[in-house]
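generate a structure from the sequence data that follows.
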Amino acid sequence: MRLRVEFTTEPFDLDEAPPHAVVARDVVQGADLEAVDVGPFGNTAEGEAGRVLTAVDALLRQALEAGATRVSLQVNVLAEEPVETGEGDK
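Residues are numbered from 1 along each chain as shown. Below is the predicted model:
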């Protein structure tokens, strides 16, 4: 199973990224995930379910320890890629 995680951490600071946001981004960027996209107001990543869930656990724990007062999180199951078949299977 493949998953996509989307998350934000609060409180926001428009002048510079707060420590909790930096920690959460570092966790996701350091995990073995794909399609990692980090931004000022939201972050996304995709990957195999076990890897995504391990990263989510680490980012929640570390962001909260670094001062996050809220972590908004959404996890979606992605459609599996269709399996390619030979010409005779059409």
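
how close does residue 17 sit to residue 1?
When distances are taken as Cβ to Cβ, to the nearest Å, residue 17 and residue 1 turn out to be 31 Å apart. Quick note: C-beta positions are derived from backbone N, CA and C, even for glycine.

the two - which one has more neighbours?
Set residue 17 next to residue 1 and count neighbours by other Cβ atoms under 10 Å: residue 17 wins out with 16 against 9.

pLDDT weak spots in the chain?
For the chain, the stretches with pLDDT under 70 are 81-90.

figure out the helix or strand that residue 44 lives in.
If you go by DSSP states H and E, residue 44 is part of strand 43-48.

same check, this time on residue 58
In this structure, residue 58 sits in helix 49-65 according to DSSP H and E.

next, the buried residues of that helix.
By 16 or more other Cβ atoms under 10 Å, the buried positions in helix 49-65 come out as 51, 52, 54, 55, 56, 58, 59, 60, 62, 63, 64.

using PDB, write out every CA atom in the following helix or strand past that helix.
The helix or strand immediately downstream of helix 49-65 is strand 70-78, counting by DSSP H and E. This file holds the C-alpha atoms of strand 70-78, laid out as PDB (Å, rounded to 0.1, in the frame of the first residue of the first chain):
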ATOM      1  CA  ARG A  70      -0.600  21.800  16.800                       C
ATOM      2  CA  VAL A  71       0.200  19.400  14.000                       C
ATOM      3  CA  SER A  72      -2.400  19.100  11.300                       C
ATOM      4  CA  LEU A  73      -2.100  15.800   9.500                       C
ATOM      5  CA  GLN A  74      -3.800  14.000   6.700                       C
ATOM      6  CA  VAL A  75      -2.900  10.600   5.400                       C
ATOM      7  CA  ASN A  76      -4.400   9.300   2.100                       C
ATOM      8  CA  VAL A  77      -4.200   5.800   0.500                       C
ATOM      9  CA  LEU A  78      -3.000   6.200  -3.000                       C
END
